[in-house]
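Asker: Show me how the following folds:
(one chain, ligands or ions: 2)
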Amino acid sequence: MHKEEMAPAKDFKNAIKRLFHELKPFHILISISFILAIVGSILSIMSPSKLTRLTDTITDGIIIRKDNLTELTNTISNKFTSESMSELIPKVLSPKLDNETISKVMMSKDISSEAKKTFNETLTSISTTHNYSDLTKLDEKILKLILPDTTYEGVTVSTSDKIALLNISEGNINLTYNLQKIFLPDVTIANTLVTSTEQYKFVSAMNSLGKDASSTDLYHAIDDMPDSIKSLVNPIMDMDKIKSIVIFLVILYLCSALFSFLEALIMTHVSNKFAYSLRDKISKKIHVLPLKYFDLHAVGDTLSRVTNDVDTIAQSMNQSLSTLVSSVTLLLGTIIMMFVTNPILAITAIVSSVLGFMGMIAVLSKSQKYFVARQTELGNLNGHIEEIYSGLNVVKAYNAKEEADKTFDMYNERVQECNEKSQFLSGLMMPMMSFIGNFGYVAVCIVGALLTMNGSITFGVIIAFITYVRLFTSPLSQIAQAATSMQSTAAASERVFEFLDEEEMPLEENKRHLELKNVKGNITFKDVTFTYDGNPKPTITNFQAEAKSGQKIAIVGPTGSGKTTIVNLLMKFYDIDSGDILIDGISTKDLTRDNIHSLFTMVLQDTWLFEGTIKENIIYNREGISDEEVYNVCKKIGLDHFIRTLPDGYDTVVSENDSVSQGQRQLLTIARSMLSHTPFLILDEATSNVDTRTEELVQSAMDKLTEGKTSFIIAHRLSTIRNADLILVMKDGKIIETGNHDELMNKNGFYAKLYNSQFEL
Ligand SMILES: Nc1ncnc2c1ncn2[C@@H]1O[C@H](COP(=O)(O)OP(=O)(O)O)[C@@H](O)[C@H]1O
Ligand SMILES: [Mg+2]
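Answerer: Ligands and ions are numbered 1, 2, ... in the order given. Next comes the predicted model:
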């Protein structure tokens, strides 16, 4: 495991930038989805103002019609202003205070001298103040004389009417019928005729209510009013208006839902298609990565990038992108609408929400590192699992279970920890946001109530603002959540793009092409030197060899001497540092890898079988091979009998972890190779797991098969390569002896020692 490779420096901005760049093929679809999101948001922003109208219309339908009530009250109270009264009262009273009447009073025997005295005093005060109210103090008999029945504008005003008029005060507004006619002439309000009597009833009822009357008292009072007034002030539900607003709202909500649905549909498609293309790219990338990449990276880490990270991108992108757009639109739109509706309430709602939101951002900024860590630790855990389970019996055999468990526990714990922290922090978001939302409601309700009380807004505006607070805080929390998602997306996409950006094998352009049928089969190693990345010294130094067409070349040497490395170089799995390898005189540098691979058949010590039948595994990736050929090959290497004992014979399904022995696996891969008709054959310890007798069987079968082919055999048991045309003896990456078996034995050098030692065992 190479942990230092897995904790990359995280650059959120660039990762997102890169993501958008990679999303280029989807830009049109994404734009459509963005537009849908924006339109959907605008529709939702429109609804509260409609709600205000709906609420206000409904409120109008359940409370008395203030405007008519006010008009009525105003009309009546206008008639009672002190100016109109002071003008009207003398005219209605029209007191007779001429000398004749005065002397009549003075002369009257029925009137006491006391009363006459008062009369005299009153006369004096009236002449200066013109305040007739003092007349009430006078004796009734005097009043009869000075306030005789008169007519005012056609209405007869009797003495008693006049006395009643004199008695009118704030606490007493008893009007006689005639006075009602004069002071409250019929009026028409909102096309309704309100007669004097009706007006008088209204005034008396309102007066008796007093100042502290509740609205319930008002409603009761109105219930007892004459019909004309009831029809004026009783509430009317404007059903037509309500209907049209409701229909509009329903359409609004339906459209909004439809747009969200479409937008979700598009984004789901885009994100999954994008994930598909990423997986596709990764899969293609694996084929163009040099082998050295896999020397340096754990398989589990790469696996994690293909599966976990791509999945994370698909999911989180789906959740975050359009949400972000619609939320931002919603947020801005709501702010504008709030300010248009009522700036004071707008500021109340925004300040209370933003205060809470700032706290959340503080939490959020802390959480990012846990999201990055989570992906990294998941990669580590996967790498470890891959490592342990691919070699489970070795782990067990060495009693390393405990050690492996300990490591596993450590990674597992770290994943848990990072998961817990990141999930806890993102889980905290919801309750925090609902708290902020509720806080906003309360603030809006309090300030709204105050504003309603002083009449600057209607009740419907509070309703609208409660919706605005919801519209305002939900995008805030959505933006916060989308931001968390974006962080996962950024972390995951950074890892994926990092993989996609890995240096590839150089492009093979303007290369020559060797036709299979034209190949003669000569191979020359010219002074080849090669060093594995990260190794301090070369694994192969100045390797010189020549294989002629049809020759059987054996490479022998102790483990680690570089035999497999020579094969790797021949197959161009790695590029050599210096020197050259020539096929028919053409440098492998001038040939494509695919071209070279098509010329070789390779059997390795590591066997590879795929999930499929035995026959399919033998035929692997080739066409036009008959069953007969398959049976023949298997017979030649002694595999036929074993296969026929299997339950389904050649159609038995095998897979990587089946109960086929290692040796039998090797034989299957040898059978596979024997059906290949390429000019070159490489066997790298291909028979290391089969018994000596079978090995000899395989070798003789091979020898027949490889007639005319150039073959490279790497074998442990030197007895099997005794007939090789050329034996290259390697030690520490160098050829130390060459020759055929007899020559080398005669030399009595390293080879002879090696050969003899195998018989001493
Ligand atoms: N992928 C690799 N990365 C780094 N070093 C390697 C790699 N493969 C082999 N080596 C080193 O190169 C040397 C030769 O290995 P190899 O050619 O496999 O030996 P063998 O003769 O047993 O086949 C060994 O010392 C080994 O440590
Ligand atoms: Mg080897």
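Asker: contacts, neighbours, all on C-alpha from now
Answerer: Fine.
Asker: show me where pLDDT drops low in this structure?
Answerer: Low-confidence segments of the chain (pLDDT under 70): 1-10, 170-171, 211, 363-364, 367-368, 656-659, 760-761.
Asker: Contact residues of it facing ligand 1?
Answerer: Asp295, Tyr532, Thr539, Thr559, Gly560, Ser561, Gly562, Lys563, Thr564, Thr565 (Cα under 6 Å from any ligand atom).
Asker: List the contacts of Thr188.
Answerer: By Cα atoms under 8 Å, 6 or more residues apart in numbering, the contact list for Thr188 reads Val194.
Asker: Looks to me like it is in a helix.
Answerer: No: counting by DSSP: H, G, I helix; E, B strand; the rest coil, Thr188 is not part of a helix but strand.
Asker: Would you map the strands across the stretch 401-550 of the chain?
Answerer: Under the criterion DSSP state E, counting those that start in this stretch, the stretch 401-550 of the chain contains strands at 523-530, 540-547.
Asker: Including mean neighbour count, could these go into CSV?
Answerer: Output for the strands of the stretch 401-550 of the chain, formatted as CSV (neighbours: other Cα atoms under 10 Å):
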stretch, mean neighbour count
strand 523-530, 19
strand 540-547, 19
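Asker: Of the ones you listed, which is nearest Pro48?
Answerer: Closest to Pro48 of the strands of the stretch 401-550 of the chain is strand 523-530 (Cα to Cα; 74.6 Å).
Asker: Give me the contact list for the closest one.
Answerer: The contact list for strand 523-530 (Cα under 8 Å, 6+ apart) reads 538-549, 575-585.
Asker: by contact count, what packs against the longest helix belonging to the chain?
Answerer: Counting by DSSP state H, the longest helix found in the chain is helix 401-453. Secondary-structure packing of helix 401-453 (3 or more Cα pairs under 8 Å, 6 or more residues apart in numbering; DSSP states H and E): helix 343-389, helix 459-500.
Asker: and the longest one with helix 459-500, angle?
Answerer: In terms of direction (axes from the mean of the first three to the mean of the last three Cα atoms, to 10 degrees), helix 343-389 departs from helix 459-500 by 30 degrees.
Asker: For stretch 105-123, measure first residue to last.
Answerer: 12 Å (Cα to Cα, to the nearest Å).
Asker: buried residues in that stretch?
Answerer: Using 16 or more other Cα atoms under 10 Å as the test for burial, stretch 105-123 gives Val105, Met106, Ala115, Lys116, Phe119, Thr122, Leu123.
Asker: Helix, strand, or coil at the fifth one?
Answerer: Three-state call for Phe119 (three-state DSSP): helix.
Asker: which residue packs closest to it, ignoring adjacent ones?
Answerer: Once flanking residues are discounted, Phe119 sits nearest to Leu138: 6.3 Å by Cα to Cα, 6 or more residues apart in numbering.
Asker: Next, find the distance separating the one you found from ligand 1.
Answerer: For Leu138, the distance to ligand 1 equals 131 Å [Cα to the nearest ligand atom, to the nearest Å].
Asker: That residue is in contact with Ser112, isn't it?
Answerer: No: in this structure Leu138 lies outside contact range of Ser112 using Cα atoms under 8 Å: 11.1 Å.
Asker: rewinding a little: export the buried residues of stretch 105-123 as CSV, with columns for secondary structure.
Answerer: Formatted as CSV, the entries for these read as follows, by three-state DSSP:
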residue, secondary structure
Val105, helix
Met106, helix
Ala115, helix
Lys116, helix
Phe119, helix
Thr122, helix
Leu123, helix
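Asker: now, which of these sits nearest ligand 1?
Answerer: Ligand 1 lies nearest to Thr122 out of the buried residues of stretch 105-123, by Cα to the nearest ligand atom, at 130.8 Å.
Asker: which SS class is the residue nearest to the closest one when sequence neighbours are not counted?
Answerer: Residue nearest to Thr122 in three dimensions, not counting chain neighbours: Asp134, with 6.5 Å by Cα to Cα, 6+ apart. Assigned by three-state DSSP, the conformation of Asp134 is helix.
Asker: Nearest spatial neighbour of Gly448, chain-adjacent residues omitted?
Answerer: Gly448 sits nearest to Ile462 (Cα to Cα, 6+ apart), 5.7 Å away.
Asker: What are the neighbouring residues in contact with the residue most central in space within the chain?
Answerer: The residue lying closest to the centre of the chain (Cα atoms, centre = their mean) is Gln319, at 2.0 Å. Gln319 makes contacts with Ala482, Ser485, as judged by Cα under 8 Å, 6+ apart.
Asker: how far away is it from Ala482?
Answerer: Taking Cα to Cα, one finds Gln319 at 7 Å from Ala482.
Asker: likewise Leu582?
Answerer: 58 Å.
Asker: between these two, which one's more packed in?
Answerer: Ala482 (25 against 18; other Cα atoms under 10 Å).
Asker: residues in contact with the more buried one?
Answerer: The contact partners of Ala482, taken as Cα under 8 Å, 6+ apart, are Gln319, Ser320, Leu321, Thr323, Leu324.
Asker: burial measure for Leu138, as a count.
Answerer: Using other Cα under 10 Å, Leu138 has 15 neighbouring residues.
Asker: 11 is where my numbering starts, stick with that
Answerer: Will do, 11 is the new start, and the previous item becomes Leu148.
Asker: Kindly list the main-chain dihedrals of it?
Answerer: When read as degrees, to the nearest 10, the backbone of Leu148 gives phi -80, psi 160.
Asker: how about it, what does it touch?
Answerer: Ala125, Thr128, Phe129.
Asker: Thr716 now?
Answerer: By Cα under 8 Å, 6+ apart, the contact list for Thr716 reads Gly560, Leu691.
Asker: Could you tell me how far it is located from Val640?
Answerer: From Thr716 across to Val640, the span is 17 Å (Cα to Cα).
Asker: what do you get for Ala324?
Answerer: According to Cα to Cα, Ala324 and Val640 sit 45 Å apart.
Asker: Which one of those two is surrounded by more residues?
Answerer: Each of Ala324 and Val640 has its neighbours counted (other Cα under 10 Å); Ala324 has more, 25 against 21.
Asker: Validate this expectation: Ile606 resides in a helix.
Answerer: Yes: Ile606 sits within a helix when classified using three-state DSSP.
Asker: Closest approach to ligand 1 from the stretch 261-410 of the chain, which residue is it?
Answerer: Residue nearest to ligand 1 within the stretch 261-410 of the chain: Asp305 (5.1 Å; Cα to the nearest ligand atom).
Asker: where's that residue, which helix or strand?
Answerer: If you go by DSSP states H and E, Asp305 is part of helix 301-306.
Asker: again, but for Ile112
Answerer: Assigned by DSSP H and E, Ile112 belongs to helix 109-117.
Asker: I'd like to know which elements that helix is packed against.
Answerer: Contacts defined by 3+ Cα pairs under 8 Å, 6+ apart place helix 109-117 against helix 150-156.
Asker: Please name every helix or strand in contact with the helix it packs on.
Answerer: When contacts are defined as 3+ Cα pairs under 8 Å, 6+ apart, helix 150-156 packs onto helix 109-117.
Asker: quick one: contacts of the helix it packs on?
Answerer: Residues from elsewhere that reach helix 109-117 (Cα under 8 Å, 6+ apart): Ile121, Lys126, Ile152, Leu155, Ile156.
Asker: mind putting these in TSV, distance to Leu185 included?
Answerer: Shown next, in TSV, are the contacts of helix 109-117 (distance: Cα to Cα, whole Å):
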residue	distance to Leu185
Ile121	28
Lys126	29
Ile152	22
Leu155	22
Ile156	20
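Asker: mind listing what the residue of the stretch 261-410 of the chain closest to ligand 1 touches?
Answerer: Applying Cα under 8 Å, 6+ apart to Asp305 gives no contacts.
Asker: returning to what we had before: surely the residue nearest to Gly458 meets Val454?
Answerer: Yes: contact between Ile472 and Val454 holds when scored by Cα under 8 Å: they sit 7.2 Å apart.
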